[in-house]
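1. Sequence and predicted model, in that order:
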Amino acid sequence: MKTFHLPYGKGKVKFSLPAASEATLIEPVSPPASKPVSLVEALESPVGSPRLAELTGAGQRIVIVTSDITRPCPTADLLPPLIAELSLAGVRDSDMKVVFGRGFHPGHSPEQREHMVGPGMFRRLSCVDSDGLDIVFLGTTSRGTPVEVFTPVVEADLRICLGLVELHYFAGYSGGAKAISAGTASSRTITANHSMMTLSAATAGAIKGNPLREDLEESTSFLGPTYNFNVVLDTERRVIAAFAGDLTASHRSACDIVDRRSKFSLEKPADIAIVSAGGFPRDINLYQAHKALENAAGAVREGGKIILVAECPEGLGNPIFSEWLVGASSPDSILDRIAKGFVLGGHKAAAIARLRKRFRIALVTALNPDLSKQSGFEHFGTLQEAVETAIAEEGSGAHWVVMPHGASVLPTVK
């Protein structure tokens, strides 16, 4: 037998295939062994920009925008060297504020904020969630997006974006300007920008010509000076690359690393893909775990099967997403609904509906079985059960693709 282990929540699940099965394992490429990545050196050698110590000084207000709890951004590791660099420039703790860019996601408890930044930084710095109602209107992009951003971010003398750079199914990549233009913007701004996800050029691994990513970056240009500090992680969530400096140039350097690790060309499509969202927090709810489905679609033949492995301890994760998804009469009914008017939350239900029209999708999850089925999925409580069912459907000669870290790889067929 061939046995595989996949992340699931904060642990792992395993499954086995017959030894004669044709199975392709797709995992992010590990970089060559070298000295550990130094976050301090990244700050000392910024890309396309002077050091922070030359950009700011005593008395200036600094806002540090970072990810919310649904992202595995190592904020607690990034803050100490960043704050040391700012302190070197004479910036006082009282003039710094950490903003969790939660976009359309729920807010955080004080305990969650402390967990994300670490106890020491939580005691030193003001840490707040972005508020999509406390905003300043800055103008309108060339594509018609009204730019409304959280007031403290607008009023700062310098903004610093922290982020994890990885594939994103319609913004091309996470990180960079997305921290502000999606993380700290109003629902009106996010809705206008994210409505571009329906355009064919808004896809994973694409920046040039991606209207949604270009609109995000144009939105951020309405603000004053903005600095970037982004990292790339391996599958064990260790930092394998770090770039600081110019918002765009440093982000592109990180994207280059992601490309070399994550893009794969397959000789032929698989009949069945087994894909894990990557464990916690990527599978904290179905709203987040869905991203792995998008990447798995590139590896499977039309009409084939995708088995998504996602614990989803917080359920579906978004009330609008849930209302659109649960009990819909068909995928077409969801797609008809989004065609009549783009709605945040509904957009992910529509993305799943598009996939359901192309593939058979099973869900291995801790979700209530009735909820899974009402959402349009074939439900399984164990991964091996899902695998045995797929073998019965496709036969022993089926070609399998296994993706333990589905959000971090982008397979395509030649």
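-> In hand now; what should we look at? Residues are numbered from 1 along each chain as shown.
2. By mean pLDDT, flag the weakest helix or strand of this protein.
-> In the chain, no helix or strand scores lower on mean pLDDT, DSSP states H and E than helix 52-55, which sits at a mean of 92.
3. Give me the buried positions along that one.
-> Buried residues in helix 52-55, counted by 16 or more other C-beta atoms under 10 Å: 52, 53, 55. C-beta: built from backbone N, CA, C; applies to glycine.
4. Output the longest strand that the chain contains in PDB, but only the C-alpha positions, please.
-> When the chain is parsed with DSSP state E, its longest strand is strand 300-309. Once non-C-alpha atoms are left out, strand 300-309 reads as follows in PDB (Å, rounded to 0.1, in the frame of the first residue of the first chain):
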ATOM      1  CA  VAL A 300      -8.100  17.200 -12.600                       C
ATOM      2  CA  ARG A 301      -9.900  16.300 -15.800                       C
ATOM      3  CA  GLU A 302     -13.300  17.700 -16.500                       C
ATOM      4  CA  GLY A 303     -15.900  15.500 -14.700                       C
ATOM      5  CA  GLY A 304     -13.300  14.100 -12.300                       C
ATOM      6  CA  LYS A 305     -13.400  14.100  -8.600                       C
ATOM      7  CA  ILE A 306     -11.800  16.400  -5.900                       C
ATOM      8  CA  ILE A 307     -11.700  15.300  -2.300                       C
ATOM      9  CA  LEU A 308     -11.200  18.300   0.000                       C
ATOM     10  CA  VAL A 309      -9.700  17.600   3.400                       C
END
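5. which residues sit against that strand?
-> Contacts to strand 300-309, defined as C-beta atoms under 8 Å, 6 or more residues apart in numbering, come from residues 6-8, 13, 269-277, 283, 289, 292-293, 296-297, 355, 358-365, 377, 380, 383, 386-387, 390, 393-394, 401, 406.
6. Please list only the buried members of these.
-> 6-8, 13, 269-277, 283, 289, 292-293, 296-297, 355, 359-365, 377, 380, 383, 386-387, 390, 394, 401, 406.
7. Mind naming the longest helix for the protein?
-> helix 247-262 (DSSP state H).
8. send the alpha carbons of the very next helix or strand once past that helix over as CSV?
-> Using DSSP states H and E, the helix or strand that follows helix 247-262 in sequence is strand 263-266. Only the C-alpha atoms of strand 263-266 are listed here, as CSV (Å, rounded to 0.1, in the frame of the first residue of the first chain):
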residue,chain,number,x,y,z
LYS,A,263,4.0,26.1,-9.9
PHE,A,264,3.9,22.6,-11.4
SER,A,265,3.3,21.3,-14.9
LEU,A,266,1.6,17.9,-15.2
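9. What number of residues are in the vicinity of residue 392?
-> 9 (other C-beta atoms under 10 Å).
10. Enumerate every residue touching it.
-> Residue 392 makes no contacts at all, as judged by C-beta under 8 Å, 6+ apart.
11. What values do phi and psi take at residue 139?
-> phi 140, psi -170 (degrees, to the nearest 10).
12. quick one: it and residue 145 touch, right?
-> No - using C-beta atoms under 8 Å, residue 139 makes no contact with residue 145, being 9.6 Å away.
13. Who has more neighbours out of those two?
-> More crowded of residue 139 and residue 145, by other C-beta under 10 Å: residue 145, with 25 against 12.
14. In this structure that one contacts residue 217, no?
-> No - using C-beta under 8 Å, residue 145 makes no contact with residue 217, being 11.4 Å away.
15. Let me have the buried residues of helix 52-55 in JSON lines, extended by distance to residue 172.
-> Converted to JSON lines, the buried residues of helix 52-55 look like this (distance: C-beta to C-beta, whole Å):
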{"residue": "52", "distance to residue 172": "26"}
{"residue": "53", "distance to residue 172": "31"}
{"residue": "55", "distance to residue 172": "27"}
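16. Closest one of these to residue 78?
-> Taking C-beta to C-beta as the measure, residue 52 is the one of the buried residues of helix 52-55 closest to residue 78, at 12.8 Å.
17. What residue, apart from its backbone neighbours, is nearest the closest one spatially?
-> Take residue 52 and drop its neighbours on the chain: the residue closest to it by C-beta to C-beta, 6 or more residues apart in numbering is residue 85, 4.9 Å away.
18. Could you list the residues in contact with the helix or strand hosting the one you found?
-> Residue 85 is located in helix 75-88, with elements delineated by DSSP H and E. Helix 75-88 is contacted from outside by 39-40, 43, 51-53, 56, 62, 64, 66-67, 93, 96, 98, 115-118, 120-121, 124-125, 160, 162, 229, 231, 239, using C-beta under 8 Å, 6+ apart.
19. And the strands in the stretch 201-350 of the chain?
-> With DSSP state E, counting those that start in this stretch, the ranges of strands along the stretch 201-350 of the chain come out as 226-233, 239-246, 263-266, 270-276, 300-309.
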